[in-house]
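Chemist: pasting the sequence and the predicted coordinates here, then a few questions.
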Amino acid sequence: MEEQDIVSSTEGAPRGVIPAHLLKGQKALVTGANSGIGRATAVALGRAGADVVVNYVAGKEEAEQVVEEITALGVRAAAYEADVSSEDQVIAMTNRMVEEFGTIDILVANAGLQRDSRFTDMTLAQWQKVLDVNLTGQFLCAREATKEFLRRGVVPEVSRAAGKIICMSSVHQLIPWAGHVNYASSKGGVQMMMQTLAQELAPHKIRVNAVAPGAIKTPINRSAWDTPDAERDLLQLIPYGRVGEPDDIANAVVGLASDLMDYVVGATLYVDGGMTLFPGFATGG
């Protein structure tokens, strides 16, 4: 069996061995895939044999670099610009993918953002923007992907499932986060949306699950880990003793998207080095 290491361009990323043909012949859409977790996930899916659509809303040059990295692996890839909070743009993106790639087998609803503020200073615009992208965006992408899954049904030689949806959540679907009420609320919503979709769609052989990252070294949270003092403080919240890398999440997504996880439905996989173990209680309580 041919195997390849799944790695992205992230310096110092952990390495994991996954069969290069694990997702061969499948078509994946990854939203917000021009940087960070989305980029690593798109590349990892390509390394596992999937053709990949790299969605972005800004950063065309970066998205095209991701496409080049994926196509160098011997699979197809393309960059599609679309704002996931826009219904018309999501519909157009999904229709274009079906037309150009033939179908969609895997949706990784990854696109997300933060607009941080103390609660009493938070504007309605800050609240609404985060909900629009982080929650409504996942709803729209999942809805349109599901229409294609139902139309096509199961193709046994491709996958045991008619389709796989992987929602990108956060440890903050469980852990409250002062100063980030919009973000935490959006991720709490993602959890219940994912579980409800999983319940409704499982009889159609559509698997819906989520990955909940902890502290990951991405541009969105650079200030939390890019100095020795910041990283030392952050590590107090992580029993495993290191800050996560984008490939930690990417490898989890590939596993959930594969038939190796065919009986996993409606689950959240926390990839957080133990952050959700509430390490503050390790020495008392």
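Modeler: Arrived safely.
Chemist: how close does Asn55 sit to Thr120?
Modeler: 35 Å (Cβ to Cβ, to the nearest Å). Bear in mind the C-beta positions are built from the backbone N, C-alpha and C, glycine included.
Chemist: comparing the two, which residue is more hemmed in?
Modeler: With neighbours defined as other Cβ atoms under 10 Å, Asn55 and Thr120 compare such that Asn55 has more, 30 against 5.
Chemist: so who does the more buried one touch?
Modeler: Residues in contact with Asn55 (Cβ atoms under 8 Å, 6 or more residues apart in numbering) are 29-33, 38, 63, 79-82, 84, 93, 111.
Chemist: let's have these in CSV, adding secondary structure and distance to Ile206.
Modeler: Listed next are the contacts of Asn55 as CSV, based on DSSP: H, G, I helix; E, B strand; the rest coil; distance: Cβ to Cβ, whole Å:
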residue, secondary structure, distance to Ile206
Leu29, strand, 15
Val30, strand, 18
Thr31, coil, 18
Gly32, coil, 22
Ala33, coil, 22
Gly38, helix, 22
Ala63, helix, 27
Ala79, strand, 26
Tyr80, strand, 22
Glu81, strand, 27
Ala82, coil, 22
Val84, coil, 19
Met93, helix, 19
Ala111, coil, 20
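Chemist: for the stretch 101-250 of the chain, give me the ranges with low pLDDT.
Modeler: For the stretch 101-250 of the chain, applying pLDDT under 70 flags the ranges 220-226.
Chemist: do a quick rundown of the helices in it.
Modeler: Under the criterion DSSP state H, counting those that start in this stretch, the stretch 101-250 of the chain contains helices at 124-131, 137-152, 181-201, 228-235, 246-257.
Chemist: and among the ones you listed, the most buried is which?
Modeler: helix 246-257 (a mean of 26; mean count of other Cβ atoms under 10 Å).
Chemist: show me how far that helix is from its chain's centre.
Modeler: 8 Å (Cα atoms, centre = their mean, to the nearest Å).
Chemist: got the CA coordinates for that helix in CSV?
Modeler: What follows is helix 246-257, C-alpha atoms only, in CSV (Å, rounded to 0.1, in the frame of the first residue of the first chain):
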residue,chain,number,x,y,z
PRO,A,246,-3.0,23.3,11.2
ASP,A,247,-2.1,19.7,10.1
ASP,A,248,-3.4,18.4,13.4
ILE,A,249,-6.8,19.5,12.2
ALA,A,250,-6.3,18.6,8.6
ASN,A,251,-5.5,15.0,9.5
ALA,A,252,-8.6,14.7,11.7
VAL,A,253,-10.7,16.0,8.8
VAL,A,254,-9.3,13.5,6.3
GLY,A,255,-10.0,10.7,8.7
LEU,A,256,-13.6,11.8,9.3
ALA,A,257,-14.1,12.1,5.5
